[in-house]
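J.: Sequence plus predicted model, see below.
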Amino acid sequence: MARVQAVCDLYQQAFSLYEQGIHLVSTDEKTGIQALERFILRAIPGRKERREHTYKRH
């Protein structure tokens, strides 16, 4: 809980830190989420290419 409080305190001080020339940058690491990329197989002649409904073009 102390780590959460330290982050919250920094957020509250962000503007005053900015006025002092200090930039506060925050990142969130989600180590439990694995980035999966699935390759699309080429269509068999005479058939359409298939993609999953969650496909998003990069």
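T.: Received it, and whenever you're ready, just let me know what you need.

J.: what's the average pLDDT for stretch 43-57?
T.: Averaging pLDDT along stretch 43-57 yields 71.

J.: what about Tyr11, which helix or strand?
T.: helix 2-19 (DSSP states H and E).

J.: ok now that helix, how far from the chain's centre?
T.: How far helix 2-19 lies from its chain's middle: 22 Å, per CA atoms, centre = their mean, to the nearest Å.

J.: Could I get the buried residue list for that helix?
T.: Residues of helix 2-19 classed as buried by neighbour count (16 or more other CB atoms under 10 Å): none. No exception for glycine: its C-beta is placed from N, CA and C like everyone else's.

J.: Name the surrounding residues that touch it.
T.: His23, Leu24, Ser26 (CB atoms under 8 Å, 6 or more residues apart in numbering).

J.: how far away is the first one from Val7?
T.: It refers to His23. Distance of His23 to Val7, computed by CB to CB, to the nearest Å: 16 Å.

J.: I'd like the distance between the nearest residue to His23 once chain neighbours are set aside and Asp9.
T.: Spatial nearest neighbour of His23, chain neighbours left out: Leu17 (7.7 Å); criterion: CB to CB, 6 or more residues apart in numbering. Going from Leu17 to Asp9 by CB to CB gives 11 Å.

J.: again, but for Pro45
T.: Counting by CB to CB, the gap from Pro45 to Asp9 is 63 Å.

J.: thinking again about what came up before, quick one: mean pLDDT over the helix holding Tyr11.
T.: 92.

J.: 16 is where my numbering starts, stick with that
T.: Renumbered: residue one is now 16, and that last one reads helix 17-34.

J.: Dump that helix to CSV, restricted to CA.
T.: Output of helix 17-34 as CSV, limited to C-alpha atoms (Å, rounded to 0.1, in the frame of the first residue of the first chain):
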residue,chain,number,x,y,z
ALA,A,17,2.9,2.3,0.6
ARG,A,18,4.0,2.0,-3.0
VAL,A,19,0.5,3.1,-4.2
GLN,A,20,0.6,6.1,-1.8
ALA,A,21,4.0,7.1,-3.2
VAL,A,22,2.7,7.1,-6.8
CYS,A,23,-0.4,9.0,-5.7
ASP,A,24,1.7,11.6,-4.0
LEU,A,25,3.8,12.1,-7.1
TYR,A,26,0.6,12.6,-9.2
GLN,A,27,-0.5,15.3,-6.8
GLN,A,28,2.9,17.0,-7.0
ALA,A,29,3.1,16.8,-10.8
PHE,A,30,2.2,20.4,-11.6
SER,A,31,4.5,21.9,-9.0
LEU,A,32,7.3,19.6,-10.2
TYR,A,33,6.6,20.8,-13.8
GLU,A,34,7.0,24.4,-12.6
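
J.: Since that was my last question, I'll sign off now.
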